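1. Please work out how this folds:
(2 chains)
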Amino acid sequence: MAQPNDRLYTKTHEWVKVAGGEASVGITQYAQEQLGDVVFVELPAAGKKVDKGAALGNIESVKAVSEVFSPVAGEVTTANGELEAHPELINRDPYGGGWLVRLSVAPGASDGLMDAAAYEAFLAEEGAH
Amino acid sequence: MDEPHLKRTPLYECHVEAKARIVPFAGFEMPVQYAGVLEEHRAVRTAVGLFDVSHMGEIEVIGRRALDFVQYVTCNDASKLTVGRAQYSGLMTPRGTFVDDLLVHKMSDEHYFLVVNAANKDKDYAYLCAQLVGFDGADVVDRSNDYAQIAVQGPKALPTLQKLTVTNLGEIKYYRFVHGAVDGAAAIIARTGYTGEDGFEIYVAPGDAPRLWRKLLAAGAEFGIVPAGLGARDTLRFEACMPLYGNDIDDTTTPFEAGLDWIVKPDKGGFLGREALLRQRGDGIRRKLTGFEMTGRGIARHGYPIWAGGKEVGTVTSGTHSPTLGKALGMGYVPVRLSEVGSSFEVEIREQKVAARVVEMPFYRRAR
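-> Below is the predicted model:
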């Protein structure tokens, strides 16, 4: 399972891609596989401030509700409105069209997160491939 | 797995081969999904799906007073059954609540075959044994390890199964069964199911199950058959508003509250719970299992509180996003005055109150 190299990962299976002062956040391929078919997404409104590791929203599959945690501290600038009508984008394209929110972040916000290789090693350790 | 005592059905290897996600359920390692719940759900509604339901319990009641015993412990009237017919019923507490819901099949005058929920099987068997004390002429036998059960469900279930049996399946009416052979293996073939579609449930010896599973998948290939897991089984039964024990009914709820009046037959004579049920029928029920649609954004789930007029008035028993109807639906117990179609209340979802409106049950009914 190859993870994109252009972003960082959390142990709770979110990804964050920082460019300039803006961070995009989503869930990983592994996370979407575990969830199954996503049917509903609840995301924060623009302007909401979140701490690193704080609840960012909820993703629901037919079976269950799963909380998403913010990989970084910041202020939500945009939520992915496409997901309201097409929550299945999270399954189909978790690293692209299935992104969840963008946040404005301070420099160094993503320090300490895992790179792709470290996340893959973490998945292997969890017995999750 | 952390739970070494978990059992496996005879089809476990087939599920692993098919890369199913396996979860602990009712003491078994069961497939919750293969390709995905939505795809499996759709296959059963439009074509055919194959379910391993070998975890279900099979209990036989035998002896010259087998019927009297079945009549005593269940609320429906088993004397209406002729050989080859099945009946949905409730195993009752003296309070008129459910020990379990079950299917009663009449094999012969002295032999009834009960199919019970996996999670309740040991409890049911112990309960039945306790009722036998002082009851001459009947015995109960737990046959759960002697049967694998495969459900073939969907509009193409009949042509799929027909390829493997000389029994004319078209002649088996709904809720009837025959003893036949499937690919040469002795089988009870019943036209029953838990999906809201046409279909069959077949009971075979465990050793025959893996071969039949593979043959059924091959037989249904031209129709687009898929193996379907517990996830799809739950969304399918939910849309058809078939109650799930532990969610929609349990030992605190009565058949009247659950809208299952048609399985209560007090005129048949004495049975466990009869007095309590007659009393409730006289007094009227206070709460009722009610179907609703979310009108606000959110999905109701089992256990979420229901509010009306600023008060907590009930609880969601089942809820999900309905794959067939494309909207969030739920069921729950609410006061009778709120149970009429068109009534509204709110479901508490993560500390927010979200609007819901009562709709007709079942949510889905197949075209016949």
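2. Doesn't A:Ala31 belong to a strand?
-> No - counting by DSSP: H, G, I helix; E, B strand; the rest coil, A:Ala31 falls outside a strand, being helix.
3. quick one: contacts for B:Gly170?
-> Counting by Cβ atoms under 8 Å, 6 or more residues apart in numbering or on different chains, B:Gly170 touches B:Leu158. All C-beta spots, glycine's among them, are computed from the backbone N, C-alpha and C.
4. So chain B: which segments form each domain?
-> Domain segmentation of chain B under automatic domain parsing yields B:7-54+B:147-239, B:57-145, B:286-368.
5. Packed most tightly, which of those would that be?
-> Compared across the domains of chain B, domain B:7-54+B:147-239 shows the largest average neighbour count, a mean of 20 (mean count of other Cβ atoms under 10 Å in any protein chain shown).
6. How far does it sit from its chain's centre?
-> 14 Å (Cα atoms, centre = their mean, to the nearest Å).
7. ok, now stretch B:56-66?
-> So, by Cα atoms, centre = their mean, the centroid of stretch B:56-66 is 19 Å from its chain's centroid.
8. So which residues on the stretch 201-350 of chain B come close to chain A?
-> Residues of the stretch 201-350 of chain B lying near chain A by Cβ under 8 Å from any Cβ of the partner chain: B:Gly231, B:Asp234, B:Thr235, B:Arg297, B:Gly298, B:Ile299, B:Arg301, B:Thr320, B:His321, B:Pro323, B:Ala328, B:Arg350.
9. Which ones among those residues lie within helices?
-> Among those, the members falling in helices (DSSP state H) are B:Gly231, B:Asp234, B:Thr235.
10. OK, contacts around the spatially closest residue to B:Val140 that is not a sequence neighbour?
-> Closest residue to B:Val140 apart from its sequence neighbours, by Cβ to Cβ, 6 or more residues apart in numbering or on different chains: B:Leu128 at 4.6 Å. By Cβ under 8 Å, 6+ apart, the contact set of B:Leu128 is B:Ile59, B:Val61, B:Val73, B:Leu91, B:Val140.
11. ok, so of the residues you listed, who is nearest chain A?
-> Distance to chain A, by Cβ to the nearest Cβ, is smallest for B:Leu91 among the contacts of B:Leu128, at 28.0 Å.
12. what about the closest one, which SS state?
-> Put simply, B:Leu91 is strand when judged by three-state DSSP.
13. Please apply the same query to B:Gln71.
-> What three-state DSSP gives for B:Gln71 is helix.
14. you'd agree it is up against B:Leu272?
-> No - checked against Cβ atoms under 8 Å, the pair B:Gln71 and B:Leu272 is beyond contact range at 10.0 Å.
15. would TSV of the domains of chain B with mean pLDDT be doable?
-> Shown next, in TSV, are the domains of chain B (pLDDT from 0 to 100):
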stretch	mean pLDDT
domain B:7-54+B:147-239	98
domain B:57-145	98
domain B:286-368	97
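16. In CSV: those, plus distance to A:Val18.
-> Below are the domains of chain B laid out as CSV (distance: least, Cβ to Cβ, whole Å):
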stretch, distance to A:Val18
domain B:7-54+B:147-239, 32
domain B:57-145, 47
domain B:286-368, 29
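17. ok, for whichever residue of the stretch 251-368 of chain B sits closest to chain A, nearest residue in space, not its chain neighbours?
-> With Cβ to the nearest Cβ, the shortest gap between the stretch 251-368 of chain B and chain A falls at B:His321, namely 3.8 Å. Leaving aside its chain neighbours, B:His321 sits nearest to A:Val39 (3.8 Å; criterion: Cβ to Cβ, 6+ apart).
18. Can you give me the neighbour number for that neighbour?
-> 22 (other Cβ atoms under 10 Å in any protein chain shown).
19. Tell me which stretches of chain A form helices.
-> Applying DSSP H to chain A gives helices spanning A:29-35, A:82-85, A:89-92, A:116-125.
20. coming back round to it: just the contacts of B:Leu128 now: which is nearest B:Thr315?
-> Nearest to B:Thr315, judged by Cβ to Cβ, of the contacts of B:Leu128 is B:Leu91 at 23.1 Å.
21. Okay, and the beta partners of that closest one?
-> Counting by DSSP bridges, B:Leu91 is bridged to B:Thr74, B:Asp100.
22. what residue is smack in the middle of chain A?
-> Note on chain A: the residue nearest the mean C-alpha position is A:Gly26, at 2.3 Å, using Cα atoms, centre = their mean.
23. What residue, apart from its backbone neighbours, is nearest that residue spatially?
-> In space, A:Gly26 comes closest to A:Trp99 once its chain neighbours are excluded; the distance is 4.4 Å by Cβ to Cβ, 6+ apart.
24. Check the residue in chain A positioned nearest to chain B and give its pLDDT.
-> Across chain A, no residue is closer to chain B than A:Val39, which sits at 3.8 Å (Cβ to the nearest Cβ). At A:Val39 the predicted local confidence, pLDDT, stands at 95.
25. can you give me the helices in chain B?
-> For chain B, applying DSSP H gives helices covering B:12-17, B:37-46, B:66-73, B:121-132, B:157-162, B:209-219, B:230-239, B:274-283.
26. measure the residue nearest to A:Gly26 to A:Ala23 for me?
-> Applying Cβ to Cβ, to the nearest Å, the value for A:Trp99 to A:Ala23 is 10 Å.
27. Looks like A:Leu8 contacts A:Leu113 (just checking).
-> Yes - contact criterion Cβ under 8 Å: A:Leu8 and A:Leu113 qualify, at 3.8 Å.
28. Please identify every residue contacting each of those two.
-> In contact with both A:Leu8 and A:Leu113: A:Val16, A:Pro71, using Cβ under 8 Å, 6+ apart.
29. Nearest spatial neighbour of A:Lys48, chain-adjacent residues omitted?
-> Distance criterion Cβ to Cβ, 6+ apart; nearest residue to A:Lys48, sequence neighbours excluded, is A:Val76 at 4.6 Å.
30. right, and A:Glu67 touches A:Gly53 too?
-> No - counting by Cβ under 8 Å, A:Glu67 does not reach A:Gly53; the two are 11.2 Å apart.
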